[in-house]
Structure formats: C-alpha cells, structure tokens
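Participant: 3D model of this:
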Amino acid sequence: MQINNRVKRIVTMGVFVLGLITSGCGSQQAAPQPVLPEVAIVTLNPERVLLTTELPGRTSAYLVAEIRPQVNGIVQERLFNEGSDVKAGSVLYQIDPAPYQAAYNNAVAALARSEANLPPIRLKAERFRELVAVKAISQQDFDNAAAALKQAEADVEYSKATVESARINLGYTRIIAPVTGRIGKSNVTIGALVTAHQASPLAVVQQLDPIYVDATQSSATLLRLKRNIASGLLKGNGPNQTQVKLLLEDGTPYPLEGSVKFSDVTVDPSSGSFILRMVFPNPKQILLPGMYVRAIVQEGEVDHAILVPQQGVSRDPKGNPVALIVDGSGKVQQRMITADRAIGDRWLVASGLAPGERVIVEGAQKVRPGAAVKVVPFQEGETSGAAPKKAAQPAQKSN
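Facilitator: Next comes the predicted model:
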C-alpha cells in the first residue's frame, strides 16, 4: 500500500514538471519581436540663401558745424529758437556792429582822400616827363615826381584793402549758419561778451538728413568673406550688395534702406576691427546722433546651401559639431560637420553633409551609431524648433 502511494506521488510530480516545461516552451514561441526606436528626420535639400551680417554701430551727423565768432563784441540778438531747423545763410547771432561800422566808415574816408590826392600827382608826373625830354628840368625832379605818383597809387590800393578788411569785419558781426540742419542749445545769452576764434562754440548745427552709421566689423570676418568669394562658395549680390538695413535699439526695423559709403583702411589693434561707414536717408529725423543701432549688411548669395535645424546638431566631447543621419539600410551613422554660421534657427553646413541625406532631428538621445531605427518625417510645430523648410532668416551677429 505504501509502495502504491509512493508511485502515485512520483507520477504526479512528473506530470507537474512536464506541464511546467511545456508551458515554458509555449511562452518562448509566443514572445513578440523587439520594437525599433522611432526618430524624426528631415531630408536635406539645397536652398538658395542670402547671407547677411549683423554689425553693431552708432549714428553720427552727416555735417557738424560749430558756430564761433570771428570778431570780438557784445551779443545783441539771438535770432533762432533752440532745437529748431535752420538754413544755410540764416543769421543766428548779431554782435554789436557800432565799432566795426565806424572802422568801415573811416576806411572809406581814407580811401576817398587817397583817391583825391592821386590826380594832381599824376598830372605833375606827366608834365615833368615832357619837360625832362626837352631838358627844361633836371632828371632828379622828374624822378621825384614819378616816385610821388607811385606812392600815391600805392596809398589808394592800401586804402582799398583797408576798406575791404573793415567790410569783412563788419559782416562778421552777423553770425550766419554755414550749413542747413538742426541747431542745439545756445551757450551764450544776449549781452555776453564773445571773442574771435574762442574755444567754446556759441552753438552747434548738425545736418541729420542724411545721417551716417558707423559700424564695427572684425578683420577676421572680412578675410572669411574674401576667402569664400574667391573659392566660389559665395557669390556677390551685384548692386544690391551695397544695400544695408537697420534695426533700432529697441529691435524695430528702420523703414528706409541705406548704402555702404566706405570702409576704413586701418584695423584697430586693440579690438581687431575696422569702421564700416554707411549712409541712411533720415527725412523724419527718427535717427539722432549717438543712437545705438544694428546694421544688417548683405554679404552675398549661396546657391546650393545645406541648412540643418539646430536641434539636429550636437557637440562631441571635444566641442566639434556632429550630426546623426539614417543611411539607406535604416541604421544610424554619425557625421562630423563644419557649421559656418547660424541662419535663424538652422545651421549653414559648409561640409560633412550632402543633399538627400536624412538627419535625425528628434529622438537622437535614444539611439547610437550602428543601431537600426524606425524613421518618421519631422512635423513642424512638434517641438520649439522650426521646420527645415522655413525661409532662411538674416544671419546672427558675426564675431
């Protein structure tokens, strides 16, 4: 009886173990296939891009005239309103003309006296010329008469010069505007004593339309620009290359375009930059001297530019830019790239990527080079980054 019970236990345990083995085999056969990580990609297509450089600058007046007196005297009148527009030739100040009018009248009288003395001396010299020819007078008498004539003629010319000098000084008592522009505050009041060629100006007139913008550009940027044009990577934009746009200090765009006037020929050794001067029309005088602005200068065009969203570019431990792409077999590859500059929310890639390649924009943190992935197209608006098909924006500030 005990033997039968023992046999039953053994048979029961064998059936139980066999069931476990059978169920384990069945579960292995029903295991699902591993799921491939999903990444969003963009396909690179060459685009035509206009490259620009954003440069910091300051505005300065087109013409600056410091008003200073040319003669000494007391200011009798101020004939302008501070902060108003004045025209070239308009009278700004009137200096007391009385002493200069008297000097002018005295010079005119001296000239009249010299001219009155001239005719009899001239007639005497002519008579002595006839008499000396017939030996009626001595040669010495004729020489004295001729010398007196020349002295009288010189006195007349001297008096004329004195009159002209007195006339000029009298005219300087009316201080006029040399240029058309806006005048600032007056540094003197009525009754003030001013001196000729004094150090401090009476006022300053500035022409604001047009107006200069002086921007600083690094010499390294200029060398890169020349190198890219010489290599054919960048081509000039023709006459439009000299056109410049402007951003005001609050970020709003200035409505009118300007043009490049000239670039300085000397690089500042302390900053490694040089001055680029531009001219902008300023009919409404929105721009005032000394304002901080940012000039957007056109460099040229790239016909077949490769633009990659910035979220698709990362850095290796050495700081070099890298991108992950999906090859034709659906596996991830890593590419070392050369990023020329940022254009809006994308990088302009100079080398490392080719048209038609698929760059991973989302999901790169889940994959490694060599891994198989499932690709889906990148959809605009899924992340904070913009779609790659967005039109290229002006370049960021160039160092």
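Participant: please enumerate the helices of this protein.
Facilitator: Taking DSSP state H as the criterion, the chain contains helices spanning 2-29, 98-133, 139-171, 219-231.
Participant: in this protein, which ranges drop under the pLDDT threshold?
Facilitator: Judged against pLDDT under 70, the low-scoring parts of the chain cover residues 1-34, 224-241, 380-399.
Participant: go ahead and flag the most central residue of it.
Facilitator: residue 215 (3.5 Å; CA atoms, centre = their mean).
Participant: how much space separates that residue from residue 296?
Facilitator: 10 Å (CB to CB, to the nearest Å). From N, CA and C alone the C-beta is placed, and that goes for glycine too.
Participant: for the chain, which strand is longest?
Facilitator: For the chain, the strand that runs over the most residues, judged by DSSP state E, is strand 47-67.
Participant: can you tell me which helices and strands that one packs against?
Facilitator: Under the contact definition 3 or more CB pairs under 8 Å, 6 or more residues apart in numbering; DSSP states H and E, strand 47-67 sits against strand 181-183, strand 203-218, strand 273-280, strand 292-309, strand 338-343.
Participant: residue 77: which of those strands is closest?
Facilitator: With respect to residue 77, and counting by CB to CB, the nearest of these is strand 203-218 at 13.6 Å.
Participant: relative to residue 308, how far out is the residue nearest to residue 360 when sequence neighbours are not counted?
Facilitator: Using CB to CB, 6 or more residues apart in numbering and skipping residues adjacent in sequence, the residue nearest residue 360 is residue 324, 4.4 Å away. Summarising the geometry, the distance separating residue 324 from residue 308, computed by CB to CB, is 11 Å.
Participant: what's the answer for residue 42, then?
Facilitator: Distance from residue 42 to residue 308, counting by CB to CB: 8 Å.
Participant: need the contact list for residue 264.
Facilitator: 274-277 (CB atoms under 8 Å, 6 or more residues apart in numbering).
Participant: revised request: answer the last question for residue 148.
Facilitator: With contacts defined as CB under 8 Å, 6+ apart, the neighbours of residue 148 are 121, 124-125.
Participant: between residue 324 and residue 308, which contacts overlap?
Facilitator: When contacts are counted by CB under 8 Å, 6+ apart, residue 324 and residue 308 are jointly contacted by residue 359.
Participant: for the residue nearest to the residue nearest to the centre of the chain when sequence neighbours are not counted, list each beta-bridge partner.
Facilitator: Ranked by CB to CB, 6+ apart and with sequence neighbours excluded, the top spatial neighbour of residue 215 is residue 57, at 3.3 Å. According to DSSP bridges, the residues that bridge with residue 57 are residue 215, residue 293.
Participant: before we move on, what about the one 4 residues further on?
Facilitator: Taking DSSP bridges, one finds residue 211 as the beta-bridge partners of residue 61.
Participant: shouldn't it be in contact with residue 207?
Facilitator: Yes: the pair residue 61 / residue 207 is scored as a contact, 6.0 Å apart, by CB atoms under 8 Å.
Participant: quick one, domains of the chain?
Facilitator: Under the assignment named as automatic domain parsing, the residue ranges that make up the domains of the chain are 42-59+209-377, 69-96+173-200, 106-158.
Participant: chain center to the last one: distance?
Facilitator: Okay, so that is domain 106-158. 69 Å (CA atoms, centre = their mean, to the nearest Å).
Participant: okay, the helices and strands packed on strand 47-67 in TSV with distance to residue 373 next?
Facilitator: As requested, the helices and strands packed on strand 47-67 are arranged in TSV below (distance: least, CB to CB, whole Å):
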stretch	distance to residue 373
strand 181-183	66
strand 203-218	42
strand 273-280	46
strand 292-309	18
strand 338-343	24
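Participant: and residue 103, which of the ones you listed is closest to it?
Facilitator: Closest to residue 103 of the helices and strands packed on strand 47-67, according to CB to CB: strand 203-218, at 26.7 Å.
Participant: isn't residue 326 right next to residue 374, touching?
Facilitator: No: in this structure, residue 326 sits apart from residue 374 without contact. The criterion is CB under 8 Å, and the distance is 9.5 Å.
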